[in-house]
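*Asks:* coords please:
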Amino acid sequence: MKFEPISRWLFTDDDSPIKQLQCPMNRSWARMAPAGGARQCDTCNHLVHDTGPLSDDEVADLVAKQPEACLKVSLDQPNLRIVHRDARG
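*Replies:* Take a look at the predicted model:
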């Protein structure tokens, strides 16, 4: 996966857009309650999915099925590359 920090867009390795990340809650992952393979946000009550162990296809499929899915992305996770590019619409 690729992440563009200025626009906050997450892309597959072949540059297909997955989702623009935006969470006004800014909650700590460590403070969220485990809920299966995700965690439960104590503020908005949404499930937050960790993208670290997932492939591009798994994240894209998750977002395709649940467009409002919340995603956790760590800038140091091994399956993520930080990129800088022109803004996308």
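
*Asks:* Just the pLDDT for the residue most central in space within the chain.
*Replies:* Compute the mean C-alpha point of the chain, and by Cα atoms, centre = their mean the closest residue is L71, 3.2 Å away. With respect to pLDDT, L71 has a value of 96.

*Asks:* Kindly report the same for R85.
*Replies:* 75.

*Asks:* Check the one 3 residues further on too.
*Replies:* Each residue has a pLDDT score; the one for R88 is 50.

*Asks:* Over to P17: give its phi and psi.
*Replies:* When quoted as degrees, to the nearest 10, the phi and psi of P17 stand at phi -70, psi 140.

*Asks:* got the contact list for the closest residue to it other than its chain neighbours?
*Replies:* In space, and not counting its chain neighbours, P17 is closest to F11: 5.6 Å by Cβ to Cβ, 6 or more residues apart in numbering. All C-beta spots, glycine's among them, are computed from the backbone N, C-alpha and C. For F11, the contact set (Cβ atoms under 8 Å, 6 or more residues apart in numbering) comprises M1, K2, F3, E4, P17, I18, V83.

*Asks:* Show me the beta-bridge partners of F11.
*Replies:* In this entry, F11 is beta-bridged to K2, P17, by DSSP bridges.

*Asks:* Could you check how far it is from S55?
*Replies:* F11 is 13 Å from S55, where distance means Cβ to Cβ, to the nearest Å.
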